[in-house]
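Enquirer: Could you work out the structure for the sequence below:
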Amino acid sequence: MRKVYYFLISSFAYLGLALPAFAETTIDPCAKTGGANFNLLCSLNFSGTIVSSLVTVAFIIATLIALGFLIFGGIKWITSGGDKTAVEGARNTIVAALVGLVIVFLAYFIIRIIFTFFGLNFSTFTIPTIQ
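Expert: Below you'll find the predicted structure:
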């Protein structure tokens, strides 16, 4: 017990002696230093609205695909004619489509929750640029 006590005291004493580095807090990546020229990097403008639109389109496409598989599974079930293997295949298709729909909606809501948690707006999300 005494070793643990000495270890904890020495650890806290060691961690308490940490000194600040006094390093520069910000670096200007657009400044010309030496022969480096990063003007192209500084002029890029990443628009988050494009990213937001692409994510929304991806969710819409995934939902349409899942609904298409749901309809396809229903048609397979109707046309199975009472065949056990065909009904089972149709049921598996419908279950997979429903699971896909649940995954798509959960992904959308998780992204919305994360954006809300960080105080971002999903529809007007913008990626900051280098100044």
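Enquirer: Please count neighbours and contacts with C-alpha atoms only from this point.
Expert: Will do.
Enquirer: Who are the packing partners of the helix or strand where residue 55 lies?
Expert: Taking DSSP states H and E as the criterion, residue 55 maps to helix 48-78. Contacts defined by 3 or more C-alpha pairs under 8 Å, 6 or more residues apart in numbering; DSSP states H and E place helix 48-78 against helix 84-117.
Enquirer: Report all helices and strands that the helix it packs on contacts.
Expert: Packed against helix 84-117 by the contact rule (3+ C-alpha pairs under 8 Å, 6+ apart) you find helix 48-78.
Enquirer: Tell me the buried residues in the helix it packs on?
Expert: 48, 51-52, 59, 62-63, 66-67, 69-70, 72-74, 76-77 (16 or more other C-alpha atoms under 10 Å).
Enquirer: related to what we said a few turns ago, got the angle for the helix holding residue 55 vs helix 84-117?
Expert: Angle between the axes of helix 48-78 and helix 84-117 is 160 degrees (criterion: axes from the mean of the first three to the mean of the last three C-alpha atoms, to 10 degrees).
Enquirer: Quick check: residue 90 touching residue 79?
Expert: No: here residue 90 does not reach residue 79: they are 9.6 Å apart, not a contact under C-alpha atoms under 8 Å.
Enquirer: So for those two, which sits in the more crowded spot?
Expert: When neighbours are counted by other C-alpha atoms under 10 Å, residue 90 comes out ahead of the other of residue 90 and residue 79, with 23 against 13.
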